[in-house]
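Visitor: could you work out the structure for the sequence below:
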Amino acid sequence: MKRWRRLLVLVFCLLVPLQQVWANQDLLAQGIAAQKAGNNELALTLLGKYLEQNPGVTEVRRHLALALAGLGRNTEALAELDRGLAAHPQDLQLLLAKANLLAGMERQPEAIAVLTAALKCDPQNVEVLKERGECQAQEGAFPEAMADLNRAAQLAPRDPWVFNKRGLVWFCQGDYQKAVADFSTAISLAPDSPHAYFFRGNIYRYHLGEMDKAIADYRKACALGHPLSCLELEKLGAK
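Guide: Down below sits the predicted model:
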């Protein structure tokens, strides 16, 4: 009997910390789910509780920052990301989150600097190349943008957003045929995504004068749930 009692005590002592771990993981999972669902206040509460007991988990910092940004608290979000990066300066997810936040605040030069640091950690990271290319294009640095997006296209020839972003850079430079070609590639890779149809439709309508093709693209994008395409069809009386 004494041996059984000792065994039961041992099992109990093992279960108590395990239950705490499970509870913490549940907080983390619920907090991330709340942030992804846009319930940012709840996410802050849940993730904040988790962070109190697990201050070194970078994933929590990132989702906390996303929740703060979702509430318009961008300065606090940047501070949260910087706290994570202070401990893990080469964490690509934190670097990408910081760059995206800076770009959203129209602080493109700072975003480019962060993305450049990220590329030093992983020179072949397609997501970083795409984001830096877009930021450079917004700054009017088109050759640099094209270099990043061309590299991304080499590394990820099946990623439709590489071609969407590069198509927009061609468009900004007035090379409409190359823009159409990239949007067409994006459509072939992701035929159920409306964005490339809308972009290509705008070029057909406003720059190439091919109204039938524009209407066809707007109709497809509208059917896929793109409200601006539906609006263009209404303007044309073609809905």
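Visitor: in which helix or strand would I find P143?
Guide: Assigned by DSSP states H and E, P143 belongs to helix 142-155.
Visitor: what about that helix, average pLDDT?
Guide: What helix 142-155 shows for mean pLDDT is 98.
Visitor: same thing with stretch 82-94?
Guide: Here stretch 82-94 scores 93 as its mean pLDDT.
Visitor: just how off-centre is it within its chain?
Guide: Offset of stretch 82-94 from its chain centre (CA atoms, centre = their mean, to the nearest Å): 17 Å.
Visitor: mind listing what the residue nearest to L68 when sequence neighbours are not counted touches?
Guide: Excluding the flanking residues, the one nearest L68 by CB to CB, 6 or more residues apart in numbering is A77, at 3.9 Å. Every C-beta, even on glycine, is put in place using the N, C-alpha and C of the backbone. Listed by CB atoms under 8 Å, 6 or more residues apart in numbering, the contact partners of A77 are L64, A65, L66, L68, A69, L101.
Visitor: helices or strands next to the helix or strand harbouring the fourth one in the packing?
Guide: Which is L68. L68 is located in helix 58-70, with elements delineated by DSSP H and E. On a contact count with 3 or more CB pairs under 8 Å, 6 or more residues apart in numbering; DSSP states H and E, helix 58-70 meets helix 2-36, helix 40-53, helix 74-87, helix 92-104.
Visitor: and the last one, what's buried?
Guide: Neighbour counts using 16 or more other CB atoms under 10 Å place L92, Q93, L94, L95, L96, A97, K98, A99, N100, L101, L102, A103 of helix 92-104 among the buried residues.
Visitor: out of the residues you listed, which is nearest to K130?
Guide: Of all the buried residues of helix 92-104, K130 sits closest to L96, with 10.1 Å by CB to CB.
Visitor: tell me how far the closest one lies from L115.
Guide: Counting by CB to CB, to the nearest Å, the separation of L96 from L115 is 8 Å.
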